[in-house]
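Asker: structure for the following, please:
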Amino acid sequence: MEILQIVGIALVSTFLALILKEQKPNFAFLLIVFVGCGIFLFLVDQIYEIIQMLQRIASNANVNLVYVETILKIIGIAYIAEFAAQITKDAGQGAIASKIELGGKIIILAMAIPILTVLIETIIQLIPN
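Answerer: All right, here's what the predicted structure looks like:
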């Protein structure tokens, strides 16, 4: 099971980081960043499978793939912003982490506007005059 591998790597890395933090805090931080990126890369194949499955479902449902791609981009931005904010918080820079989260939210809102527009137009068309 992949989750056991992820948890095992994370726990070993945590213990190593705690030991390193006393002697070499910079190396402890780099270890945490490296392990975080490694876990993400470990999951790339599953992320790809999820994206492919959602695209197949959208094709079968005759949904415009532009909307599905936009939603997938929005989800990706949310995950990337969260990952970067957590790493920044680990480095002790909570203020910068907050700005990363704010930037991610604004980008998500900007990308969602076309979908919201189509949704509102569809609802207006369904309302009888």
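Asker: helix or strand: which one has the residue most central in space within the chain?
Answerer: Taking C-alpha atoms, centre = their mean as the criterion, Tyr79 is the residue nearest the geometric centre of the chain, at 1.1 Å. In this assignment (DSSP states H and E), Tyr79 forms part of helix 65-90.
Asker: next SSE downstream of that helix?
Answerer: Next along the chain after helix 65-90, taking DSSP H and E as the criterion, comes helix 94-126.
Asker: sorry, back to before: so what does the helix holding Tyr79 touch, helix or strand wise?
Answerer: Judged by 3 or more C-beta pairs under 8 Å, 6 or more residues apart in numbering; DSSP states H and E, helix 65-90 is in contact with helix 25-42, helix 44-60, helix 94-126. Every residue, glycine included, has its C-beta placed from N, CA and C.
Asker: that one to helix 94-126, inter-axis angle?
Answerer: 160 degrees (axes from the mean of the first three to the mean of the last three C-alpha atoms, to 10 degrees).
Asker: pull the distance from helix 65-90 to the chain's centre.
Answerer: Mean C-alpha position of helix 65-90 versus that of the full chain (C-alpha atoms, centre = their mean, to the nearest Å) differs by 4 Å.
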